[in-house]
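J.: please find the sequence and the predicted model below.
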Amino acid sequence: MSSWRGRSLRSAFTFCFAALLSLFCFGPRVTPSTATAPFRVTFIDVGQGDSAWLSTPDGWDILIDGGRESEGPGLVSYLQSQGVSDIEVLVLTHPHADHVGGLVEVVENLEVDQALTNCQPYSTDIYQDFLDLLVSEGIPIVCVQDGDTFAWGAYVSGVTLHPPDPLMSGTGSDANNNSIVLLVTYGTIDFLFTGDIESEAEVAILSGGPAPDAEILKVAHHGSNTSSTASFLAAVGAQDAMVSVGIDNRFALPSPLALERVRATGAAVHRTDLQGNLVVQTDGNTYTVSPERYVQIQMPVAFQAWPADLPEVRVDPGCSQFDAPGSDNHNLNQEYVCFTNWGGSPQLMTDWRVEDERGHTFTFPSFALNAGASVVLHTGSGADSSTDLYWGQARAVWNNAGDRAYLYDATWSLVDTYSY
């Protein structure tokens, strides 16, 4: 893989020396030519969150994120069962609770030598608890940015591709888009860890230097449709894509649209919600992927052959109104999409899903639509009935300049789409 651009480093280098931790600081790319053990990366199943444990051939343990606070005890127990008693490098990609929460338990129960963060201001109790704990434990905190490089032991190297300095602002989610993005290399095998970056950060990374090509990709933001743009995925060119996501999560992730884009690059998709822990082991030239559970992950029917026996419920533009009168955000219940059952019998729609282009997802409650009947899904809040359902959104969903509605049944088979 091509080497990454170099930029001026922040004060992290000086900080490391001040903390007498120069062995952890920035260094040249290294090779595994004399390694006697493989490099192992485990994408840990922490439910709806992220956590990855990197174990180097010479005994370094690097932990990237820790899932939610409730996952902390299980995470610590798993690491201890693998013989981990101390973490040389702890990485928090960004301050959201599903990444930082479990790290509090880690710091309380394991020795941690150094913490890498983006040093982003963020006012939540769990993030502040984490920072306070690092300070009270005397653990050095290093603020990293695009271009910083690391040598973790004699064989594994890393480089930060994001965030920039200054941090991004004015994006759809500054917290997500300032996630630390790490390219980790062992021999000829590269891993790309993307945190929760969204499309704005992906564009920034691609515009800042050579393509961040890697064999193994940690799919950004749990497979959200706001991430994993086609151009970014094509630049990475991953052979295997890891999705860290919780089973039956309330966000309906991963997005089928994002998965379609990942698969379009030829990458094999692996998911923690279906397969548990995902272990990648490499000698620096080849690698294997070993899931905790072996299941066959089918491509959603939406992206295979169109079945002949689809339900006869369709998006009905005749009774839909995607642009509310006046201000959309002040007339949320006047923004709605309508569905009509054109078939001759009632259609059970429990757990069916509606999704827009940006991945906003509504899941139908226990509901049946009678033959010849229609139901209107309003963007705002209200009391559900047999003719009207309410999404409960605080802001408008449908894009006035053009959007697409996707209707899926309970098995994620695509039933209908409508573009305007």
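T.: Good, I have the coordinates. Numbering: from 1, shown residues only.
J.: only C-alpha atoms for contact and neighbour calcs from this point on.
T.: OK.
J.: what are the ranges of the helices in the protein?
T.: 12-18, 72-81, 97-109, 125-136, 174-177, 199-207, 230-236, 256-264, 272-275 (DSSP state H).
J.: let's have those helices in TSV, adding distance to residue 40 and mean pLDDT.
T.: Below are the helices of the chain laid out as TSV (distance: least, CA to CA, whole Å; pLDDT from 0 to 100):
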stretch	distance to residue 40	mean pLDDT
helix 12-18	26	37
helix 72-81	13	97
helix 97-109	20	97
helix 125-136	26	96
helix 174-177	27	94
helix 199-207	26	95
helix 230-236	21	95
helix 256-264	23	90
helix 272-275	17	92
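J.: would you convert these into TSV that also reports mean neighbour count and distance to residue 61?
T.: Converted to TSV, the helices of the chain look like this (neighbours: other CA atoms under 10 Å; distance: least, CA to CA, whole Å):
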stretch	mean neighbour count	distance to residue 61
helix 12-18	16	18
helix 72-81	16	10
helix 97-109	23	13
helix 125-136	16	18
helix 174-177	22	25
helix 199-207	18	27
helix 230-236	18	25
helix 256-264	20	29
helix 272-275	20	21
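J.: let's have those in CSV, adding distance to residue 342.
T.: Below are the helices of the chain laid out as CSV (distance: least, CA to CA, whole Å):
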stretch, distance to residue 342
helix 12-18, 64
helix 72-81, 49
helix 97-109, 42
helix 125-136, 50
helix 174-177, 42
helix 199-207, 38
helix 230-236, 35
helix 256-264, 25
helix 272-275, 35
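J.: closest one to residue 357 among the ones you listed?
T.: helix 256-264 (8.3 Å; CA to CA).
J.: and the closest one, what does it pack onto?
T.: helix 230-236, strand 268-271 (3 or more CA pairs under 8 Å, 6 or more residues apart in numbering; DSSP states H and E).
J.: picking up where we left off before, quick one: closest of the helices of the chain to residue 59.
T.: Closest to residue 59 of these is helix 72-81 (CA to CA; 13.5 Å).
J.: need the residues that contact the closest one.
T.: Contacts of helix 72-81 with the rest of the structure, by CA atoms under 8 Å, 6 or more residues apart in numbering, involve 46, 66, 85, 101-106, 109-110.
J.: run the last query once more with 10 Å
T.: 44-46, 51, 53, 61, 63, 66-67, 69, 82, 84-87, 100-110 (CA atoms under 10 Å, 6 or more residues apart in numbering).
J.: touching, residue 334 and residue 319? I think so.
T.: No - between residue 334 and residue 319 there is no contact under CA atoms under 10 Å: 11.7 Å.
J.: these two: which is more packed in?
T.: Neighbour count, other CA atoms under 10 Å: between residue 334 and residue 319, residue 334 has more, with 22 against 14.
J.: quick check: closest non-adjacent residue to that one.
T.: residue 324 (5.0 Å; CA to CA, 6 or more residues apart in numbering).
J.: that neighbour and residue 355: what is the separation?
T.: 18 Å (CA to CA, to the nearest Å).
J.: the more surrounded of these two?
T.: residue 355 (23 against 18).
J.: quick check: the nearest residue to that one once chain neighbours are set aside vs residue 228, distance?
T.: With sequence-adjacent residues excluded and distances taken as CA to CA, 6+ apart, residue 355 is closest to residue 361, at 4.5 Å. Taking CA to CA as the measure, residue 361 falls 17 Å from residue 228.
J.: alright, calling it a day.
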